[in-house]
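[1] Pasted the sequence and its predicted model underneath.
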Amino acid sequence: MSIKIIKMPHLGESVTEASIAVWLVSEGDKIDKYDPIAEAVSDKVTTEIPSNYSGIVKEFLIDLDTDVKIGTPIVSIETADTEDTDESEQPVGAERSSDTEKKEEMTEHINAEIKKEAEQQSIERDTKTSVGQKGSAEPESKTDKNTRYSPAVVRIAQERDIDLKQVEGSGKHGRITRKDVLNFDVDTQRESHVEVDIPKPSLQAQKKMIKREMSRKVETASEPAASSKSSRDEVVPADRIRKAIARKMVQSTSEIPHAWLMVEADVSNIVNLRNKTKDRFKEQEGIALSYFPFFVKAVVQALKKHPIINASWDNGNIVFHKDINISVAVATEDHLFVPVIQHADHYSLSGLSKEIDRLASLARDGKLGNQDSQGGTMTLNNTGSFGSVQSMGIINHPQAAILQVESIVKRFVPTEDGGFKAADMINLCLSIDHRMIDGLQAGRFLNDVKENLQKFSDESDIY
């Protein structure tokens, strides 16, 4: 028998930290190689982590909803094959490296902790009596996955006096997650004379819970009183995705000196072309033809002439990206996701429409993978879809620019002969990283985007 350690995997470009949102297994479960063991959350994506080994889940090494660096050990697995050892754990030649000795010491420590906890749990099982049977003692027989709860779920249930038997689980195999307990309406809980048979947390879990509680008390004591908070206010903890978005926004605004420009463009030709072709396009392609792909196409064409917009800042160096990968902002009811159109310059307007529709569907269904969120070099945000006419976007770090595509509005505009005409006008709002992009470069880029938009006039341009 040997102990293997699974670490927090790389979850995408520029991702340095992540957290475990939910464990998909419990300590003591038997698992096979490649079985999913947890859901990890970063500022880019939520994804399942597979096991690298077959064996028994021995111990969770980090708490739920706690940010750790990529490469941090997250769980230990007891395997039957002592020969199945990573190359990094093998000594070179006949000599034992210091790294190998450290790993063996860590393994011995983990084994000692596991043995100690197993003894404690054995004592607890021998002395535990069931409740609701008039004091009669019965051994615990909770072995089904659906009746095992994470320490976070147990703690919240105890704090809110929730009967976990009445909570419907949304996790894998019906597992009750932290979110299920937080969203449970205690007022609708059915009356029952049988007390909740919540399994007692393990010794290690109890230590972690005590540590978290002490940390919360310290933080609470150090916080200034919020004079504007009333007894009628509701305080709701932000979920993991919202916290990740918050960190990303703070990083962008604190590290990137933003500058803004706005130009207006006449897109009457695009409105006419879309109105003429949208029904046939929907019938042939199976999706609606929106205005957004026209703007993505115009931006991609302009980026080829202005590579500085498709760059990023890296410790005093400017990195010019050869690939044009367009990040597109997709908003759901609660969150904002930014999937990436890889090699956007390889698509026609029709192809862009299909790819944008695919990525938006994945984002709204919560099914975006790592490959769908990596490598973006510039971001477009379709703020006009909810009626905005002017906005200033926060740049998606480490990119250099974000373009807000606003609503198309019918207005009277002057003509060259001194008259007026009704036109479909739109504002294009560009945020730039002023460390590498100046107003002149940004203005020329926007003018080229305008010229590209005015070239769409025939159905052949869509394909």
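    All right, it came through fine.

[2] Quick one: end-to-end length of stretch 30-42, please.
    27 Å (CA to CA, to the nearest Å).

[3] Quick one: residues contacting the closest residue in space to Cys429 that isn't next to it in sequence.
    Spatially, and ignoring its direct neighbours in sequence, Cys429 is nearest to Gln404 (4.0 Å; CB to CB, 6 or more residues apart in numbering). Just so you know, the C-beta spots here come from the backbone N, C-alpha and C atoms, and that holds for glycine as well. Gln404 sits next to Asn381, Thr383, Ser388, Ser391, Met392, Gly393, Leu428, Cys429, Leu430, Ser431 when contact means CB atoms under 8 Å, 6 or more residues apart in numbering.

[4] So Gln404 lies in a strand, does it not?
    Yes - assessed with DSSP: H, G, I helix; E, B strand; the rest coil, Gln404 lies in a strand.

[5] still on that earlier bit, ok, so of the contacts of Gln404, who is nearest Asp67?
    Within the contacts of Gln404, distances to Asp67 taken as CB to CB reach their minimum at Gly393, with 25.4 Å.

[6] Tell me how far the closest one lies from Asn382.
    11 Å (CB to CB, to the nearest Å).

[7] Could you tell me how far Ala157 is located from Asp233?
    Going from Ala157 to Asp233 by CB to CB gives 24 Å.

[8] Give the rounded mean pLDDT of the lengthiest strand in the chain.
    Longest strand in the chain, counting residues (DSSP state E): strand 420-433. Computed over strand 420-433, the mean pLDDT rounds to 96.

[9] Neighbouring strands - and their directions - for that strand?
    On the basis of DSSP bridges, the sheet neighbours of strand 420-433 come out as strand 258-266 (antiparallel), strand 401-405 (antiparallel), strand 409-414 (antiparallel).

[10] Ala157 and Asp233 - which one has more neighbours?
    Just comparing Ala157 and Asp233: by other CB atoms under 10 Å the higher neighbour count belongs to Ala157, 19 against 8.

[11] If any of the contacts of Gln404 are buried, put those into a PyMOL selection.
    Listed next is the PyMOL selection for buried residues among these, using 16 or more other CB atoms under 10 Å:
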select buried, resi 381+383+388+391+393+428+429+430+431
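
[12] between the contacts of Gln404, which is nearest Ala265?
    For the contacts of Gln404, the nearest to Ala265 is Leu428 (6.0 Å; CB to CB).

[13] show me the contacts for that closest one.
    Contacts for Leu428 (CB under 8 Å, 6+ apart) come out as Met262, Val263, Glu264, Ala265, Phe295, Leu403, Gln404, Val405, Glu406, Leu446, Val449, Lys450.

[14] Kindly report the same for Leu430.
    Contact partners of Leu430, counting by CB under 8 Å, 6+ apart, are Trp260, Leu261, Met262, Ala401, Ile402, Leu403, Gln404, Ala442, Phe445, Leu446.

[15] State the distance from it to Gln342.
    Leu430 sits 23 Å away from Gln342 when distances are taken as CB to CB.

[16] quick revisit: will you turn the contacts of Leu428 into JSON lines that also has pLDDT and distance to Phe456?
    Compiled in JSON lines, the contacts of Leu428 are given as follows (pLDDT from 0 to 100; distance: CB to CB, whole Å):
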{"residue": "Met262", "pLDDT": "96", "distance to Phe456": "21"}
{"residue": "Val263", "pLDDT": "96", "distance to Phe456": "17"}
{"residue": "Glu264", "pLDDT": "96", "distance to Phe456": "17"}
{"residue": "Ala265", "pLDDT": "96", "distance to Phe456": "12"}
{"residue": "Phe295", "pLDDT": "97", "distance to Phe456": "10"}
{"residue": "Leu403", "pLDDT": "97", "distance to Phe456": "17"}
{"residue": "Gln404", "pLDDT": "97", "distance to Phe456": "20"}
{"residue": "Val405", "pLDDT": "97", "distance to Phe456": "14"}
{"residue": "Glu406", "pLDDT": "97", "distance to Phe456": "18"}
{"residue": "Leu446", "pLDDT": "97", "distance to Phe456": "17"}
{"residue": "Val449", "pLDDT": "97", "distance to Phe456": "12"}
{"residue": "Lys450", "pLDDT": "96", "distance to Phe456": "12"}
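
[17] Report the buried members of the residues you listed.
    Listed as buried from the contacts of Leu428 are Glu264, Ala265, Phe295, Leu403, Gln404, Val405, Glu406, Leu446, Val449, Lys450; burial here means 16+ other CB under 10 Å.

[18] from these, which is closest to Phe184?
    Gln404 (39.0 Å).

[19] in the sheet, who's paired with that closest one?
    Legend: beta-bridge partners of Gln404 under DSSP bridges are Asn381, Cys429.

[20] Which of the helices or strands spans Ala244?
    Remark: Ala244 resides in helix 240-255, with elements defined by DSSP states H and E.

[21] what is the orientation angle of that helix with strand 420-433?
    90 degrees (axes from the mean of the first three to the mean of the last three CA atoms, to 10 degrees).

[22] Let me see the backbone angles for Met378.
    phi -160, psi 150 (degrees, to the nearest 10).

[23] Is it in contact with Val296, as I believe?
    No - with contacts counted by CB atoms under 8 Å, Met378 stays clear of Val296, the gap being 10.2 Å.

[24] anything in contact with each of those two?
    The contact sets of Met378 and Val296 overlap at Ile326 (CB under 8 Å, 6+ apart).

[25] what about the protein, any weak spots by pLDDT?
    For the chain, applying pLDDT under 70 flags the ranges 13-14, 43-45, 81-148, 150-152, 172-173, 188-229.

[26] circling back: would you mind putting the contacts of Gln404 into TSV with distance to Met249 alongside?
    Output for the contacts of Gln404, formatted as TSV (distance: CB to CB, whole Å):
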residue	distance to Met249
Asn381	13
Thr383	16
Ser388	18
Ser391	14
Met392	13
Gly393	11
Leu428	22
Cys429	17
Leu430	18
Ser431	13
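
[27] just checking, Ala18 is part of a strand?
    Yes - according to three-state DSSP, Ala18 belongs to a strand.

[28] how near is the closest residue to it other than its chain neighbours to Gly443?
    Distances taken as CB to CB, 6+ apart place Ser42 nearest to Ala18, at 4.2 Å, with adjacent residues excluded. According to CB to CB, Ser42 and Gly443 sit 35 Å apart.

[29] Gly71 - how many residues pack around it?
    Neighbour number of Gly71 under other CB under 10 Å is 11.

[30] Which one's more surrounded, Ser42 and Gly443?
    Neighbour tally, Ser42 and Gly443, criterion other CB under 10 Å: the higher count belongs to Ser42, 26 against 13.

[31] Next, the contact list for that one, please.
    By CB under 8 Å, 6+ apart, the residues touching Ser42 are Leu11, Gly12, Val15, Glu17, Ala18, Ser19, Ala244.

[32] Torsion angles phi and psi at Lys450?
    phi -60, psi -50.

[33] list the contacts for the closest residue to it other than its chain neighbours?
    Excluding the flanking residues, the one nearest Lys450 by CB to CB, 6+ apart is Ala265, at 4.5 Å. Ala265 makes contacts with Met425, Ile426, Asn427, Leu428, Val449, Lys450, Leu453, Gln454, as judged by CB under 8 Å, 6+ apart.
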